[in-house]
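# With the input below, show me the fold.
(one chain, ligands or ions: 1)
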Amino acid sequence: MHSPLEQKPDYLVCICMGVMHSEVVTAIKDGATTFADLSDILGVGTGCNSCIEEVHDIVREELEK
Ligand code: FES
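Okay, the predicted model is just below:
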């Protein structure tokens, strides 16, 4: 019943490119600091563009840590 890790469940950020939240976080930890970096590395936002705001939010959250 006890969950040892208080972790947010992973989820799909970019449906078009099949990019998970954890992949975006990993790319940021590896040095990406902008949406453009993540777009280059993972391809996020290169399809329908609907994930762009979400990616910006994740970048903001991660860089504030
Ligand atoms: S969901 Fe990311 S480009 Fe479509």
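# Which helix or strand contains the most centrally placed residue in the chain?
Nearest residue to the geometric centre of the chain (Cα atoms, centre = their mean): V24, 3.0 Å. Per DSSP states H and E, V24 falls inside helix 21-29.
# Does the ligand have contacts with that helix?
No - taking Cβ under 6 Å from any ligand atom as the criterion, helix 21-29 and the ligand are apart, separated by no less than 10.7 Å. All C-beta spots, glycine's among them, are computed from the backbone N, C-alpha and C.
# Residues contacting whichever helix or strand comes after that helix, please?
Per DSSP H and E, helix 21-29 leads on to helix 35-42 as the next helix or strand towards the C-terminus. With contact meaning Cβ atoms under 8 Å, 6 or more residues apart in numbering, helix 35-42 is reached by 14, 17, 19, 23-24, 27-28, 31-32, 44-46, 52, 55-56, 59.
# For ChimeraX, what selects the buried ones among these?
For the buried members of these, the matching ChimeraX selection, counting by 16 or more other Cβ atoms under 10 Å, is:
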select :14,17,19,23,24,27,28,32,44,45,55,59
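# Closest one to the ligand out of the contacts of helix 35-42, please.
C14 (3.3 Å; Cβ to the nearest ligand atom).
# residues in contact with that closest one?
Counted by Cβ under 8 Å, 6+ apart, C14 has contacts 42-45, 47, 51, 55.
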